[in-house]
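S.K.: fold the following and give me the result.
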Amino acid sequence: MPQNNMTPNFEILHMPPENTNSVLVTYGNEAVIFDAWGNAADWEKLLSSRGLKLRAIYSTHGHGDHIAAAPGLAEKYNVPWYLNNEDEILIPWSNNLLAGFGLPQIEPGYCPATDINAGTIKIFPDVVMEVIESPGHTPGGVMYYFPDFGILITGDTLFRDGFGRYDLPGGDANALWQSISKLYEMNLPDETYVVHGHGVDSTIEILKRTNPYFK
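M.R.: Alright, predicted model coming up:
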């Protein structure tokens with residue numbers, strides 16, 4: 001557990017147009033964003049209104065509804081944006097989705113992402129995050145687990161009562177089942193709070209009871 005008096009605050013945000021579960025994690029006046037959906041300008045207003053300094057952006061995968069604001073924010077604040085390299089190929093394809101939501105396209109020459117792979121990262125002093133590779137929904141999907149705070153961010157690998165599609169570009173059903181099985185076999189504590197890419201949040205205990213694919 002953290003050794004000082006500050007603890008991180010985890011907040012699920014639904015930036016307009018409401019679609020994706022973005023997560024804002026703050027630590028004092030510093031912030032990181034997970035799955036920066038929506039318009040970068042809206043995030044800029046939020047950060048400014050709260051007096052927050054953006055430190056980094058993390059994406060669970062490369063679909064447009066999870067990275068829409070990431071390149072713009074990374075460029076605006078000169079901070080790293082992390083996305084597994086395997087998902088870079090999905091960014092041009094994602095522009096069709098962004099257009100459907102009336103959001104700006106991710107144009108050629110966008111601020112590039114930094115590769116992220118399985119391992120342990122300290123996102124703030126005394127705040128450690130484990131990166132769990134979870135291909136299947138996309139080739140480079142990852143999940144983020146905070147063992148000291150009992151929080152897991154799954155992206156679209158797994159939902160409260162289902163799983164992410166594997167019939168989109170780069171999807172692989174066998175890889176997805178393996179990723180879900182790997183998470184199940186990690187045997188995380190039942191009380192672990194699970195934030196999914198879309199829909200209602202859950203816990204590991206709820207997933208065991210309600211999701212027939214979590215096995």
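
S.K.: and the strands in the protein?
M.R.: Counting by DSSP state E, the chain has strands at residues 9-13, 22-27, 30-34, 53-58, 81-82, 119-124, 127-133, 142-146, 151-155, 193-196, 202-203.

S.K.: contact partners of the longest helix seen in the chain?
M.R.: Ranked by residue count and defined by DSSP state H, the top helix of the chain is helix 173-185. Helix 173-185 is touched from outside by 132-137, 139, 141, 143, 154, 157-158, 163-164, 166, 213-215, with contacts defined as CB atoms under 8 Å, 6 or more residues apart in numbering. All C-beta spots, glycine's among them, are computed from the backbone N, C-alpha and C.

S.K.: before we move on, what about stretch 193-213?
M.R.: Contact with stretch 193-213 is made by 10, 12, 19-21, 23, 35, 60, 66, 150-164, 177, 180, 188-192, 214, as judged by CB under 8 Å, 6+ apart.

S.K.: what's the angle from the longest helix of the chain to strand 127-133?
M.R.: Per axes from the mean of the first three to the mean of the last three CA atoms, to 10 degrees, the angle that helix 173-185 makes with strand 127-133 is 140 degrees.

S.K.: return the helix or strand in this protein with minimum mean pLDDT.
M.R.: Least confident element among the helices and strands of the chain, by mean pLDDT, DSSP states H and E: helix 90-100 (a mean of 91).

S.K.: list the buried ones in that helix?
M.R.: For helix 90-100, burial by neighbour count (16 or more other CB atoms under 10 Å) applies to 90-91, 94-95, 98.

S.K.: what's that helix packed up against?
M.R.: Here helix 90-100 touches helix 64-67, going by 3 or more CB pairs under 8 Å, 6 or more residues apart in numbering; DSSP states H and E.

S.K.: elements contacting the helix it packs on?
M.R.: Helix 64-67 packs on helix 90-100, going by 3+ CB pairs under 8 Å, 6+ apart.

S.K.: convert the helix it packs on to CSV, retaining C-alpha atoms only.
M.R.: Extracted C-alpha coordinates of helix 90-100, given in CSV (Å, rounded to 0.1, in the frame of the first residue of the first chain):
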residue,chain,number,x,y,z
LEU,A,90,-6.3,-0.3,-36.4
ILE,A,91,-6.1,3.5,-36.2
PRO,A,92,-6.9,4.4,-39.8
TRP,A,93,-9.8,1.9,-39.8
SER,A,94,-11.1,3.5,-36.6
ASN,A,95,-11.8,6.8,-38.3
ASN,A,96,-15.0,5.5,-39.8
LEU,A,97,-16.3,4.9,-36.3
LEU,A,98,-15.2,8.4,-35.2
ALA,A,99,-17.0,9.9,-38.1
GLY,A,100,-20.2,8.1,-37.1
